[in-house]
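Participant: quick one: sequence plus predicted model below, questions after.
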Amino acid sequence: MSKVAIQGNASGTGTLTIAAPNTNTDRTLTLPDSAGTVDTLQRAGNVLQVVTATDTTHYYSNSTSYIDLVGASITPSSSSNKILITATLAISKENNQSFLGRMVRDGSAISGTGGVNASGTEENGNWWNVRNTLYSPSPYTIQYLDSPSSTSTITYKAQGKTSDATHYFAINRAHTGAFLYSSPTFSVITLMEIAG
């Protein structure tokens, strides 16, 4: 019969206490049959939970103001943890104009600044030169590591707009209506809680 041995550390002076939970159920904790160090879930860098959402809605817009696209919600287990957000949008666009995408947390922009629109104004977003893709939606990705400092439920969304109202963009579909079902696509967002 195998045995369990608890070995003290000769250099340490503290007492390690193994405390039982308040339960009325018998439980068995099975140790792995390998050498190594038992990890703690909250060790910095560990992935604690993953939330993902897929959107197949067909968006077709010439909005020069941001509109909501794919989104998902997550509830961090600790205010010191971070959220890694990855959103991939299937975009098609009329020629010679740009699409601007950004990430928002509960409606407030969080993705980096530095994009400059057609008027030369700096914007909070990421310009993509999506050109010559009338019949072929292509995947474009926004990734951002957020520090929300919260344990409340948080909603993250990818948003987008066009650089010029005379040039439309389309999401999850080909731009031209005649090719609406020629390239079935979808957009997806993934939220990963990372221990801080």
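Facilitator: Alright, I've got the coordinates.
Participant: how close does the residue positioned nearest the centre of the chain sit to K93?
Facilitator: For the chain, the residue nearest the mean C-alpha position is I85 (2.1 Å; C-alpha atoms, centre = their mean). Between I85 and K93 the distance, using C-beta to C-beta, to the nearest Å, works out to 23 Å. In this view, the C-beta of every residue, glycine as well, is placed from N, C-alpha and C.
Participant: isn't there a strand covering the residue nearest to the centre of the chain?
Facilitator: Yes: checked against DSSP: H, G, I helix; E, B strand; the rest coil, I85 lies within a strand.
Participant: quick one, grab the pLDDT at T37.
Facilitator: According to the prediction, T37 has pLDDT 82.
Participant: that one: neighbour count?
Facilitator: 5 (other C-beta atoms under 10 Å).
Participant: secondary structure element for it?
Facilitator: Per DSSP states H and E, T37 falls between elements, in no helix or strand.
Participant: ok, F169 touching L89?
Facilitator: No: here F169 does not reach L89: they are 9.8 Å apart, not a contact under C-beta atoms under 8 Å.
Participant: hey, what's in contact with both of those two?
Facilitator: Overlap between the contact sets of F169 and L89, as judged by C-beta atoms under 8 Å, 6 or more residues apart in numbering, is given by G160.
Participant: so who does the closest residue to R173 other than its chain neighbours touch?
Facilitator: Closest residue to R173 apart from its sequence neighbours, by C-beta to C-beta, 6 or more residues apart in numbering: H58 at 4.4 Å. Under the criterion of C-beta under 8 Å, 6+ apart, the contact list for H58 reads 170-173, 180.
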